[in-house]
Each structure stands twice: as C-alpha cells, then as structure tokens.
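Colleague: here is a sequence together with a model predicted from it:
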Amino acid sequence: MRIRTFGYFVREACKSLYRNNWMGLASIGTVAVSLIIFGASLITVMNANYLAARLESNVEIIAYLKDNVAEAEARALKEEINDLPGIAKAEFKSKDQALREFRQELGAQQNMIDALGGKNPLPHLYVINTIAPEDVVKVAEGLQGLKQVQKVDYGKDFVEKLFAVIKWVRIVGITIIVLLGLAAVFLIATTIRLTVFNRRKEIEIMKVLGATNWFIRWPFLLEGMALGFTGALLAVIVVGISYVSFTNYIQSNFNYAVFGLQTDPQFMLVLGGSMLGAGMFIGAVGSGISMRRFLRI
Amino acid sequence: MINMINVSKVYPNGTKALTDITLRIEKSEFVFLVGPSGAGKSTMTKLIFREEQPSRGQILFNRKNISRYKQREIPYIRRAIGVIFQDFRLLQSKTVAENVAFALEVIEASRKEIRKAVPEALELVRLADKADVMPSELSGGEQQRVAIARAIVNNPPLVIADEPTGNLDPDTSWEIVTLLQEINKCGTTIIMATHAKEIVDSMRKRVVALEKGKIARDEERGGYGYED
Ligand SMILES: Nc1ncnc2c1ncn2[C@@H]1O[C@H](COP(=O)(O)OP(=O)(O)OP(=O)(O)O)[C@@H](O)[C@H]1O
Ligand SMILES: [Mg+2]
C-alpha cells in the first residue's frame, strides 16, 4: 500500500465520521461504557487475585491433636509432620501452653477458667507453614491423614469466600461486558452501514473503475476502528482518573498496606493497553459485519 | 479482442436476457449495439466488464477467459476497460479534474502520473478550462465529456458506452459520438449501445442488432434498421 493511498483512506474515514456524527457518538458512547465496565471488572479481579495470593502466602495450618494423645507422643509427631511434602515449618504448642496463652488473653475474666475445675479442655496442636501457598490444601489433607490428628484448620473460609467473590465478579463482569460489547459492535455496524449507504454511488463507481476490494474496504474498516479507539480512549481516561483518585483516597484514609491496591505503571499499562485493543477490536468486528452484509464486492 | 462463444445469460429471476450469443470484436473496431428495449444490450456490456457472469458459454478478453477470473482479479480486468453510462455517474462532491483523477487514484497510480494524465484527458475532451468546476455547474454534454475523460485517462484498450447520448439533445449527442470516434482513431476499441438511429445510420460502422437476446443482424458499415 502506498503512503498516499493510506492518506486517502484516513481522509475518507474522517469525512464520514464527521458526516455520521450522531450515530458515531452513540457508538463511541457504547464502546466507552462497555469498556469502563470492562476496566472496572479487570481492576477488581486483578486486585482480588493479588490480595488472595498475598493472603494465601500467609496462611497457617493448625492441626489439633486428639484428646487421648499424650504430650510425649504429640512432641514426637513433629518428625512425622516434617516428613510430609511441602512443609516449611511446624511448631508444637502443648495444651498447657495453649491454656496459658488463653489465660493471658482473657485477662480479668479468669473465673471462666476456674469454672472448668482444673481441667484443660484445649488440645495439643501444631502450627504449620507450607513452602508454597497453593500447597495449603494438599498439606492440610496430609495432616488429616495422621491418626493422632483430630481436626485441621486453615484460613480456608476467608480465602474461599474471596475466591467466590472473584468468581462472581468474573461471571457478572464478563456477562455485562459481552452484552455491552455486542451492543457496541451492533452500533458500530449500523454506523458503518450508514456510511456504506451514503457512499453507495461512489463505491459503485470505484468498482467500475477497477478499485480492488481492499481499496474500497479500508476506509470503512478504519472508520470502525477509529470509533472503537475513541470510545476506548474515553473509557481509559474515565477508569484511569477514577481508579487513581480512589486509591489515593484509600491511601490517605486507611492503612494502605491492608488493601494493597495495585497502581504500578506496568499494571496501568496492561489495563490501558487491553482496553484500547478491545476497543479497536470491537470497531473492526463491527465494520467487518457491515461490510460483509452491505458491501457486496 | 473480445470473443463470445455460445454465451447465454439468465438472471436469477428467470429472465432470459441473452441466448446463445457468438460474437467476435477485433481490436480498434467501433461497434454499435442496437435493438429494441429489453433486447439485452446492457446485459452484454455488463458481461464484458464482468459486472455479470454468463450463465453459459465463454467470454474471452484478449484470449483470456474472463469468467474464470477469481473475484479478486476482476478489478484488473476492469482497469483495461473504460465504461461510460447514460447518467454520467460523476461524483458531485468532486471537481471535474478530481473526478478524472479519481479513476487513477483508485488504481493507486502515482501522483506524478496523475498530474500528467488528467490535464491530457481533459484536453482531449476539450474541458481543460473547466478543470476546477463542479459537475453541477456543467451542461449534460459537458458532464458526459468528463465521464469520457475519466474512462480513458488510464488508456484502456477498450471503451464500453451504454447509451452515452440517451440523456442528450441531438447536437450534443453528435459531439459525444465524434469524441468517441476520435478516441477510436487512436486505436481504442469502442462498443456503444444506443437507440440513436440518425447517428448509427450516418456513421456507417459495424452494427450488431440484438432482438430478444439473440443476434438478429451483424453488418459491417450497417444502419440502425428500426423505426423508433
Ligand atoms: N438485474 C436484472 N435482473 C433481472 N432481469 C434483468 C436484470 N437486468 C436486466 N434484466 C432483464 O433482462 C432483459 C434485457 O435487459 P437489458 O437491460 O440488457 O436490455 P437493453 O437492451 O439494455 O434495454 P434498453 O434498451 O431498454 O436499455 C430485460 O428483459 C430486462 O428486464
Ligand atoms: Mg440498456
């Protein structure tokens, strides 16, 4: 393709963008809205994944031993636990030690312990860290297999809840994105169809004059992609500004480390890049559909 | 140059526009295509520049079977054929010179070629002084001359004109036909479908008469032969 020809394509695309301004604005708006939701879901999912990973790496497993296991046997179990694959550290806590800690936590309400009448209802236990966070479940199952172990506990509930949230954000986000994306594709297709209609005489003349099909198609494709890109740019600006001011707000009002929102340049670049890419893709698909249906060449 | 062998055209709605046409047209010929309305003249021109496909038979253009061409090769057939229509088909948003240049732009000619060829073509149709005028400011005859300039600007070996004088008064019609004759003298083959009895009768060129999709007559130095 000659550079001059490319210039011609760009000029033609710009002309009809200007001519179809209402339809064009509607398409740009829809692309922008769908990509804002896309961006917001992406931010939520990526931050939640990040948070989950950080939490998982801190997860401790607590293995409670059966009541009838004597302290000597319980201490001896340490070797067996360390032999399990994936264990980083196993720390024994006897029932006496557990009771002492409990007593300290209770402070003034010592009478609750006195009410037990000298008995210690707490079990011996091990606090275990895994080497890799994703091994937690496997290690927990291994511990459960030991005959001295009564019950294994790890921050399962919270991690599982977080993953459930991520899953729902994904499902709802993807559904909305797909629906709005389809609407955007449809609107762009309609805009391009209008352009094809406006230029039908010109297209007919071009065909008679021996223009190749791609020569005729390029301006339409560029127009669609320009619509998608503009919508995406709008979405990037809106999402970018909102996210940055949101993180700033969190940072100045809460303990930033707790939330650990991601704002590093690489994350923002991936976010913006994928939104712009998605916008141009929507535009290309939209004009592609219209060209197939209305540009019989 | 053109060789039609047993060509038939049936439109999708069942209309038999052409039936078993066999016709040869040599290089540098000037051929009038005549016949009553609906005889199949336009259909024949469309088959030649591959706007329509024959239902049966073969059309050779410069010994190449154009019905065998793939979709994406069609533009290259059309670059060898200049087409002129009854309704001029100029772009109203472009000036005269831009309309002519458009023919070269869409085939991606260089700026240098365009700058050279467009004034030459306008000179030939005697519209050099109207280069920067909009088509709406021109008379019908002038508009058709712009269309002719556009058709010949890339020097095609064949020009097809489908009723080029259909919208014009007799004097202006003569201007157009004289222009086509000049182009023909430079070696360009011309096929002109027409109802202009007087022109056909006085030009004494080859006349191919179609009737109900068949060749009724094919005469060197022929006449119009109908009373309409
Ligand atoms: N696209 C089409 N679809 C169906 N039938 C068509 C089509 N084009 C032409 N026809 C039919 O084919 C026949 C030949 O038409 P054509 O246009 O070739 O005639 P013509 O000789 O050019 O007539 P005229 O002198 O009026 O221009 C006619 O019966 C016409 O109705
Ligand atoms: Mg006709």
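Modeller: Arrived safely. As the structure is a computational prediction, the values presented were derived from the model and not from experiment. Numbers count the residues shown, from 1 in each chain, chains lettered A, B, ... in the order given. Ligands and ions are numbered 1, 2, ... in the order given.
Colleague: CA only for contacts and neighbour counts going forward, please
Modeller: Will do.
Colleague: need the residues of chain B near ligand 1, please.
Modeller: Within reach of ligand 1 by Cα under 6 Å from any ligand atom, chain B has these residues: B:11, B:13, B:15, B:17, B:36-43.
Colleague: quick one: name whatever helix or strand follows the helix or strand that contains A:Phe197.
Modeller: Remark: A:Phe197 resides in helix A:156-198, with elements defined by DSSP states H and E. Note on helix A:156-198: by DSSP H and E, the next helix or strand toward the C-terminus is helix A:200-208.
Colleague: roughly how far is that following helix from the heart of the chain?
Modeller: Helix A:200-208 has its C-alpha centroid displaced from the chain centroid by 47 Å (Cα atoms, centre = their mean, to the nearest Å).
Colleague: anything in that helix near chain B?
Modeller: Yes. Helix A:200-208 comes into contact with chain B when judged by Cα under 8 Å from any Cα of the partner chain, the residues involved being A:201-202, A:205-208.
Colleague: please put the alpha-carbon coordinates of that helix into PDB.
Modeller: Written as PDB, here are the backbone C-alpha positions of helix A:200-208 (Å, rounded to 0.1, in the frame of the first residue of the first chain):
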ATOM      1  CA  ARG A 200     -23.000   3.600  -2.400                       C
ATOM      2  CA  LYS A 201     -22.700   5.700  -5.600                       C
ATOM      3  CA  GLU A 202     -19.000   6.300  -5.000                       C
ATOM      4  CA  ILE A 203     -18.500   2.600  -4.300                       C
ATOM      5  CA  GLU A 204     -20.200   1.600  -7.500                       C
ATOM      6  CA  ILE A 205     -18.100   4.000  -9.500                       C
ATOM      7  CA  MET A 206     -14.900   2.700  -7.700                       C
ATOM      8  CA  LYS A 207     -15.800  -0.800  -8.700                       C
ATOM      9  CA  VAL A 208     -16.300   0.100 -12.300                       C
END
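Colleague: any idea of the angle that helix forms with helix A:156-198?
Modeller: For helix A:200-208 against helix A:156-198, the angle between stretch directions is 80 degrees (axes from the mean of the first three to the mean of the last three Cα atoms, to 10 degrees).
Colleague: the closest residue to A:Leu125 other than its chain neighbours and ligand 1, how far apart?
Modeller: Closest residue in space to A:Leu125, ignoring its immediate chain neighbours: A:Tyr64 at 4.5 Å, by Cα to Cα, 6 or more residues apart in numbering or on different chains. Spatial separation of A:Tyr64 from ligand 1 under the definition Cα to the nearest ligand atom, to the nearest Å is 86 Å.
Colleague: return the residues of chain B in contact with chain A.
Modeller: Chain B has residues B:72, B:74-79, B:82-83, B:89, B:91, B:103, B:105-108, B:151 near chain A, with proximity defined as Cα under 8 Å from any Cα.
Colleague: tell me the secondary structure for A:Val31?
Modeller: State at A:Val31, reduced to three classes by DSSP: H, G, I helix; E, B strand; the rest coil: helix.
Colleague: on that earlier part again, can you say which of the residues of chain B next to chain A are buried?
Modeller: Among these, those buried by neighbour count (16 or more other Cα atoms under 10 Å in any protein chain shown) are B:74-75, B:77-79, B:82-83, B:89, B:91, B:103, B:105-108, B:151.
Colleague: flag the shaky bits of chain A, pLDDT-wise.
Modeller: When residues are selected by pLDDT under 70, those of chain A lie in A:1-4, A:20, A:52-58, A:108, A:133-134, A:155-159, A:254-262, A:294-297.
Colleague: which residue is nearest the middle of it?
Modeller: In chain A, the C-alpha nearest the mean C-alpha coordinate belongs to A:Val45, at 2.1 Å (Cα atoms, centre = their mean).
Colleague: which helix or strand contains that one?
Modeller: Taking DSSP H and E as the criterion, A:Val45 maps to helix A:21-57.
Colleague: buried residues, that helix. List them.
Modeller: By neighbour count on 16+ other Cα under 10 Å, the buried set for helix A:21-57 is A:23-48, A:51-52, A:55-57.
Colleague: keep only these that also lie close to ligand 1.
Modeller: Restricting the buried residues of helix A:21-57 to those near ligand 1 - Cα under 6 Å from any ligand atom - leaves none.
Colleague: need the three-state assignment for A:Gly231.
Modeller: Strictly by three-state DSSP, A:Gly231 counts as helix.
Colleague: which residues does it contact?
Modeller: A:Gly231 sits next to A:27-32, A:35, A:279 when contact means Cα atoms under 8 Å, 6 or more residues apart in numbering or on different chains.
Colleague: same list (the residues you listed) but as TSV, adding distance to chain B.
Modeller: Putting the contacts of A:Gly231 into TSV (distance: Cα to the nearest Cα, whole Å) gives the following:
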residue	distance to chain B
A:Ser27	27
A:Ile28	27
A:Gly29	30
A:Thr30	32
A:Val31	32
A:Ala32	33
A:Leu35	36
A:Gly279	29
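Colleague: specify which member of those residues is nearest to ligand 1.
Modeller: Closest to ligand 1 out of the contacts of A:Gly231 is A:Ser27 (35.2 Å), distances taken as Cα to the nearest ligand atom.
Colleague: next one: the helix or strand hosting B:Leu180 to chain centre, how far?
Modeller: With elements taken from DSSP H and E, the one containing B:Leu180 is helix B:170-185. Taking Cα atoms, centre = their mean, the mean C-alpha location of helix B:170-185 is offset from the chain mean by 13 Å.
Colleague: what's the closest non-adjacent residue to the residue of chain B at minimum distance from chain A?
Modeller: Across chain B, no residue is closer to chain A than B:Pro75, which sits at 4.1 Å (Cα to the nearest Cα). Sequence neighbours aside, A:Gly210 is the residue nearest to B:Pro75 in space, at 4.1 Å (criterion: Cα to Cα, 6+ apart).
Colleague: that neighbour and B:Ser37, how far apart?
Modeller: 28 Å (Cα to Cα, to the nearest Å).
Colleague: and B:Gln71, by the same measure?
Modeller: Per Cα to Cα, B:Gln71 is found 30 Å from B:Ser37.
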